[in-house]
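**Q** sequence? don't have it. structure:
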């Protein structure tokens, strides 16, 4: 399997004849002696999206499978740490660990068989327990978040530099031997993360010193019952196949319409809804929607809960169903978790969560007709993204249900950075109405939700979906919350551009002021800002390069693109240009690139070039031109379109 990050594994014949040979006994001795370090290496390189429990088990499995089948050669890449210099056994095992850890992060493809490292490990397995390393401090958590934003090869670069103390030349050899195609890009990407190598030895990243917690006991019991019911169904179907007659009905293997699937019926039983105690989030390993308690004045209304579950499984023709892009709208696979059931303005509302989606059921207060069912994808939500859910909208106002860890909610106009925030009342986690962003007409304000909890203050904006989008600012890969004074000033001219991102499944939007350009004819300085919207489904990202001149209330969109890595953690570089008319009536082509841009040149009807990341050349009104940039690394980039 191939990808842009990891190239095909080189054939064994490519090994140099000068490389030392390693037999199984020599590799096993190195593996046993340095097992904790090798497992830590695998854990750090594996993609964080696997989750801490699976990363632990996969790291041990990959390390234990690193032994050669027989006598083989190992590239001469000396280890730098004491006790491993010149040990070809360790070099071979380390290379195998890095290679398989990188392969584990590759996406599965339909037309090719998955590699063994891409599948959950058969061994080791731990039933009934979740295993994860001991928690470190805030520095370790911040580093883990920064590493999670890197590609697999870039993570490997960082870890080999920090954990193995290897110079870049040896790192390059290891990644090349491991099958990485663009090693230079991986080295450059890893440079964006501060060299906090001492933190890699923290217990936070030690998969050999573990904590154990039980899995979800109620779900485990339900899954066991479902498995027994499924087994009984298989036995019955097998017996029916043996009976004389025509075998299967005309509908093939589908069950008759009157048959009842036990697992599906359990998902429709309000008595089996998962309910979390109010204090669960205080001791949970993760703070997300799974630790929200059930709130509202109708949590004991079985009839309402039954209707909500039934409509979710079988929405009638009169039910208005909506779902964010990339969100499946099918019924729950098992009993979901109840987050809210209560009266909101003139409606009865039920909020449910099944681990992948938030489902909101609403019906009129005095009737069961005119029901609505909305879905939003929220898989992988963390503390920040799981801070709020929309309860209802009425007369341009929005009510939110806040996470139990939120201590304060406020309303702020994003276009007025110097104005204060207006506190919102919260009753049982429900906010007082917040004026939503303008839906049409002139954009003169953009109201956002300001959330404060024990970890800080952040801004979230309503984009017409169940879960508000998080606003951040800063260079990709090292973003921060958009609640500070400088971040508010950065966002102010570009708030109205958020309207172009409504109803597209946006998870977060980052605004990055990547350049400041002196304007010709003594017209002051202009700001270049790149805004990038990330979605819950991963694809569909939207990037805008915007240009703001002195005295202007709004930024102008100079360029835009979709599904490109530019202005993102994998490729923070960006280049954009605009035709601009000065107060002296002169026309110019202005262009700006990110700080790593070494030069810019024009193509087409306008001729010009400049060293550095800024360009300004005279132009004619309506002239068309292209832009090419060269990064300090020598790589060429083109302008956003």
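**A** Looks like it arrived, so ask away. On a predicted model such as this, the values are computed, not experimentally measured, just so you know. Numbering: from 1, shown residues only.

**Q** quick one, helices of the stretch 101-250 of the chain?
**A** Taking DSSP state H, counting those that start in this stretch, the helices of the stretch 101-250 of the chain run over residues 138-148, 152-162, 168-177, 183-190, 217-241.

**Q** wait, is residue 517 part of a strand?
**A** Yes - under DSSP: H, G, I helix; E, B strand; the rest coil, residue 517 sits within a strand.

**Q** count of residues packed around the nearest residue to residue 287 once chain neighbours are set aside?
**A** Using CB to CB, 6 or more residues apart in numbering and skipping the chain neighbours, the partner closest in space to residue 287 is residue 383 (4.4 Å). C-betas here are computed from N, CA, C, even on glycine. Neighbour count of residue 383, defined by other CB atoms under 10 Å: 16.

**Q** got it, and the one 3 residues further on?
**A** The number of residues packed near residue 386 is 22, by other CB under 10 Å.

**Q** would you say it is within a helix?
**A** No - using three-state DSSP, the secondary structure at residue 386 is coil, not a helix.

**Q** that one contacts residue 287, doesn't it?
**A** Yes - counting by CB atoms under 8 Å, residue 386 touches residue 287, with 7.0 Å between them.

**Q** so what sits against both of these two?
**A** residue 403 (CB atoms under 8 Å, 6 or more residues apart in numbering).

**Q** where does the stretch 51-200 of the chain dip in pLDDT?
**A** Regions of the stretch 51-200 of the chain meeting the criterion pLDDT under 70 cover residues 69-86, 107-130, 132, 135-137.

**Q** now the helices: where do they sit in the protein?
**A** Remark: helices assigned in the chain by DSSP state H are 24-33, 35-45, 52-64, 88-104, 138-148, 152-162, 168-177, 183-190, 217-241, 262-267, 280-283, 302-313, 485-491.

**Q** show me which residues of stretch 299-307 are buried.
**A** 299, 301, 304, 305, 307 (16 or more other CB atoms under 10 Å).

**Q** show me how the chain divides into domains.
**A** By the assignment in automatic domain parsing, the chain contains the domains 12-213, 264-377, 388-542.

**Q** dump the ones you listed into TSV; add distance to residue 623 as well.
**A** Output for the domains of the chain, formatted as TSV (distance: least, CB to CB, whole Å):
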stretch	distance to residue 623
domain 12-213	34
domain 264-377	37
domain 388-542	15
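
**Q** can you count the residues close to residue 277?
**A** Other residues close to residue 277 by other CB under 10 Å number 10.

**Q** got the phi and psi for it?
**A** Backbone torsions for residue 277, taken as degrees, to the nearest 10, come to phi -70, psi 150.

**Q** gap between the closest residue to it other than its chain neighbours and residue 404?
**A** Once flanking residues are discounted, residue 277 sits nearest to residue 293: 6.5 Å by CB to CB, 6+ apart. Taking CB to CB, to the nearest Å as the measure, residue 293 falls 6 Å from residue 404.

**Q** what's across from residue 352 in the sheet?
**A** For residue 352, the beta-bridge partners are residue 338, residue 359 (DSSP bridges).

**Q** please shift the residue numbers so they start at 7 in all later answers.
**A** Taking 7 as the first residue, the last one we looked at is residue 358.

**Q** what's around it, how many residues?
**A** Using other CB under 10 Å, residue 358 has 24 other residues around it.

**Q** residue 543 too?
**A** Neighbourhood size, residue 543 [other CB under 10 Å]: 16.

**Q** so for residue 637, what's the nearest residue that isn't a sequence neighbour?
**A** Per CB to CB, 6+ apart, closest to residue 637 is residue 602, 5.1 Å.

**Q** wouldn't the one you found be in contact with residue 639 here?
**A** Yes - with contact defined as CB under 8 Å, residue 602 and residue 639 form a contacting pair (7.4 Å).

**Q** between these two, which is the more surrounded one?
**A** Set residue 602 next to residue 639 and count neighbours by other CB under 10 Å: residue 602 wins out with 20 against 13.

**Q** got the contact list for that one?
**A** 578, 579, 619, 637, 638, 639.

**Q** with residue 415 instead?
**A** Residues near residue 415 by CB under 8 Å, 6+ apart: 394, 406, 408, 429, 430, 432, 437, 455, 456, 457, 458.

**Q** where does the closest residue to it other than its chain neighbours land on pLDDT?
**A** Of all residues not flanking residue 415 in the chain, residue 430 sits nearest, at 4.5 Å (CB to CB, 6+ apart). At residue 430, the pLDDT value in this model is 95.

**Q** now for residue 430, how many residues are close by?
**A** Neighbour count for residue 430, taken as other CB under 10 Å: 19.

**Q** distance of it relative to residue 59?
**A** Counting by CB to CB, the gap from residue 430 to residue 59 is 37 Å.

**Q** strands of the stretch 507-647 of the chain, start to end?
**A** Assigned by DSSP state E, counting those that start in this stretch, the strands in the stretch 507-647 of the chain fall at 512-524, 531-541, 548-554, 562-568, 581-587, 593-599, 603-610, 615-617, 620-624, 631-637, 642-644.

**Q** which residues does the last one contact?
**A** Yep, that's strand 642-644 we're talking about. Identification of contacts with strand 642-644 by CB under 8 Å, 6+ apart yields 572, 579, 581, 599, 603, 632, 633, 634, 635, 636, 637.

**Q** now do 7 Å
**A** Strand 642-644 is contacted by residues 579, 581, 633, 634, 635, 636, 637 when judged by CB atoms under 7 Å, 6 or more residues apart in numbering.

**Q** where does the prediction get shaky in the stretch 307-456 of the chain?
**A** The stretch 307-456 of the chain contains residues with pLDDT under 70 at 444-447.

**Q** let's see 80
**A** Scanning the stretch 307-456 of the chain for pLDDT under 80 picks out the ranges 374, 444-448.

**Q** now swap in the stretch 457-606 of the chain and tell me
**A** Scanning the stretch 457-606 of the chain for pLDDT under 80 picks out no residues.

**Q** how many residues are close by the closest residue to residue 579 other than its chain neighbours?
**A** The shortest distance from residue 579 to any non-neighbouring residue, by CB to CB, 6+ apart, is to residue 600 (5.0 Å). By other CB under 10 Å, 23 other residues sit near residue 600.

**Q** next: residue 140.
**A** The number of residues near residue 140, taken as other CB under 10 Å, comes to 12.

**Q** ok, now the one 10 residues further on?
**A** Residues contacting residue 150 under the criterion other CB under 10 Å number 17.

**Q** for it, give me its contacts.
**A** residue 210.

**Q** again with residue 211
**A** Taking CB under 7 Å, 6+ apart, we find residue 211 in contact with 46, 49, 50, 139.

**Q** biggest separation within those, which pair?
**A** Greatest spacing in the contacts of residue 211, by CB to CB: 50 and 139 (10.8 Å).

**Q** skipping its backbone neighbours, what lies nearest residue 601 in space?
**A** In space, residue 601 is closest to residue 619, 6.2 Å off (CB to CB, 6+ apart).

**Q** quick check: the one you found touching residue 597?
**A** No - Residue 619 is not in contact with residue 597 according to CB atoms under 7 Å; the separation is 8.9 Å.

**Q** mind checking which of the two has more residues around it?
**A** A count of neighbours by other CB under 10 Å puts residue 597 above the other of residue 619 and residue 597, at 28 against 24.

**Q** look up how far residue 151 lies from that one.
**A** Taking CB to CB, one finds residue 597 at 33 Å from residue 151.

**Q** sounds good, over and out.
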